[in-house]
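In: sequence plus predicted model, see below.
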2 protein chains.
Amino acid sequence: MQERAEATRRALLEAAAQLFFERGYVATSISDITELSGRTSGAIYFHYGNKEQLALAVVQAHFAAWPEVIARHDSAPVPALERLVRLSFAVARQFRDDILVRAGARLWTERKAIAVTMPTPFIDWIDTVERMLTRASAAGELAAHTDPARDARSLVAAFFGLHTVSDALDSRLLIEDRLADLWLLLLPALQACPAAEHLLRRARDPLPAPLG
Amino acid sequence: MQERAEATRRALLEAAAQLFFERGYVATSISDITELSGRTSGAIYFHYGNKEQLALAVVQAHFAAWPEVIARHDSAPVPALERLVRLSFAVARQFRDDILVRAGARLWTERKAIAVTMPTPFIDWIDTVERMLTRASAAGELAAHTDPARDARSLVAAFFGLHTVSDALDSRLLIEDRLADLWLLLLPALQACPAAEHLLRRARDPLPAPLG
């Protein structure tokens, strides 16, 4: 695609994300998006077809955000369970700060009002967490009563529940503190040798960004 | 209120709940509700004023469902932590089976599209769970590293996250098994003397219904 076309496509996606996030799908019109983006409605129809497809593109951009973040944490030079804890903080920050991620999350909750098939959420996260717990278990880091497949589902549910509650009660401003609180409850259950506070002191810091 | 007026009011509320739950707020019209309930649109305007107020009444009926359930579990003749675990299963079943509760939950997620002020969720649950954990702690049932105020927020978030994930992946059919899995992860962290499976075997059974 030409550079200018790509810039238009991106500007439309970001304007749409901003409006879908603030107003929701139903209350956002094509003309709101042209106004905020400074592009024409013709550009929207050319690049995305219609409002449904634009919403789907925002949700897909949300889903596309994660593989790089996961890969970076999978290879972090820290113990296996700490990789998972660090990943959870990185994802929480992105849910708070990244407009494409926030808009994608809101559109997903409004999916029943949007006439497109959305990707199924949670499944990829459950697989990722199970894989990371299995590695931690193989490394002897987990308590005997843990079960990677079972606990992955519970961890993913707890993590996303935290976002729902934080969104309702504090506009996600306290999400990092709430996530630390959740780990203070969970780590003593997960760790073979409980040392929750020690791990958390390190794991809240972001990993260095990849080079290049 | 006359008995007949009360029956009309209730029939409208239940028809509205059914439709709001199945189709969502925006896609449900007053005439859909008159059709399903067999009452007139005049009855809707007389009893509820408009569609927004009818949605609010459904959400309020959802919130009104809990005090009796909580009181029944607060006085159950079982250890304090087991009361909380039993309450969680009772609430999970009601979220799966009770149309007013399910409709209220869906309307709450759609609240930004509805021009009324909804009650704030989660706060009352966090207070209830904190109170029940505090009693469990006073009874010596909780591990030393637990903190009723902090852990109440995490438990409520994890519980509601479980519903979101179960709603997306299995239409809440597996919610009781998923809740048991969550407790198998959490109880070893919470209990002073871990005995998760022992407690869970008892706590999944409903309490006997109140007399009268």
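Out: Arrived safely, thanks for sending.
In: remind me, longest helix of chain A?
Out: When chain A is parsed with DSSP state H, its longest helix is helix A:148-170.
In: what comes up buried for that helix?
Out: Within helix A:148-170, the residues that count as buried by 16 or more other Cβ atoms under 10 Å in any protein chain shown are A:148, A:150-169. Glycine gets a C-beta too; all of them are placed from N, C-alpha and C.
In: now swap in stretch A:83-100 and tell me
Out: The neighbour-count check on stretch A:83-100 (16+ other Cβ under 10 Å) flags A:83-96, A:98, A:100 as buried.
In: what distance do you get for residue A:91 to residue A:159?
Out: 8 Å (Cβ to Cβ, to the nearest Å).
In: which residues touch the residue in chain A positioned nearest to chain B?
Out: At 2.2 Å from chain B, residue A:161 is the closest residue in chain A, using Cβ to the nearest Cβ. Residues near residue A:161 by Cβ atoms under 8 Å, 6 or more residues apart in numbering or on different chains: B:156-162, B:164.
In: pick out the most distant pair among those residues.
Out: Pairwise distances among those were taken by Cβ to Cβ; the largest, 12.9 Å, belongs to B:156 and B:164.
In: which of the helices or strands spans the residue lying farthest from the centre of chain A?
Out: Most distant residue from the mean C-alpha position of chain A: residue A:42, 31.3 Å away (Cα atoms, centre = their mean). Following DSSP states H and E, one finds residue A:42 within helix A:41-48.
In: helices or strands up against that helix?
Out: Here helix A:41-48 touches helix A:3-23, helix A:30-37, helix A:51-64, going by 3 or more Cβ pairs under 8 Å, 6 or more residues apart in numbering or on different chains; DSSP states H and E.
In: which other helices and strands contact the longest one?
Out: Counting by 3+ Cβ pairs under 8 Å, 6+ apart, the packing neighbours recorded for helix A:3-23 are helix A:30-37, helix A:41-48, helix A:51-64, helix A:99-109.
In: in that helix, what's buried?
Out: For helix A:3-23, a neighbour-count test (16+ other Cβ under 10 Å) marks A:8-9, A:11-21 as buried.
In: which single one of those is nearest to residue B:120?
Out: Using Cβ to Cβ, the buried residues of helix A:3-23 come closest to residue B:120 at residue A:21, 20.9 Å.
In: correct me, but the closest one touches residue A:98?
Out: No - checked against Cβ atoms under 8 Å, the pair residue A:21 and residue A:98 is beyond contact range at 10.3 Å.
In: give me the common contacts of the two.
Out: With Cβ under 8 Å, 6+ apart, residue A:21 and residue A:98 have no common neighbours.
In: gap between the helix or strand of chain A with the lowest mean pLDDT and the chain center?
Out: The weakest-scoring helix or strand in chain A, judged by mean pLDDT, DSSP states H and E, is helix A:196-203 (a mean of 81). Averaging C-alpha positions (Cα atoms, centre = their mean, to the nearest Å) puts helix A:196-203 22 Å from its chain's average.
In: export that helix as CSV, just CAs?
Out: The C-alpha trace of helix A:196-203 is given here as CSV (Å, rounded to 0.1, in the frame of the first residue of the first chain):
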residue,chain,number,x,y,z
ALA,A,196,5.2,-13.0,46.9
GLU,A,197,6.4,-9.5,47.9
HIS,A,198,9.9,-10.2,46.8
LEU,A,199,8.8,-11.2,43.3
LEU,A,200,6.3,-8.3,43.1
ARG,A,201,8.9,-5.7,43.9
ARG,A,202,10.8,-6.7,40.7
ALA,A,203,7.9,-7.6,38.5
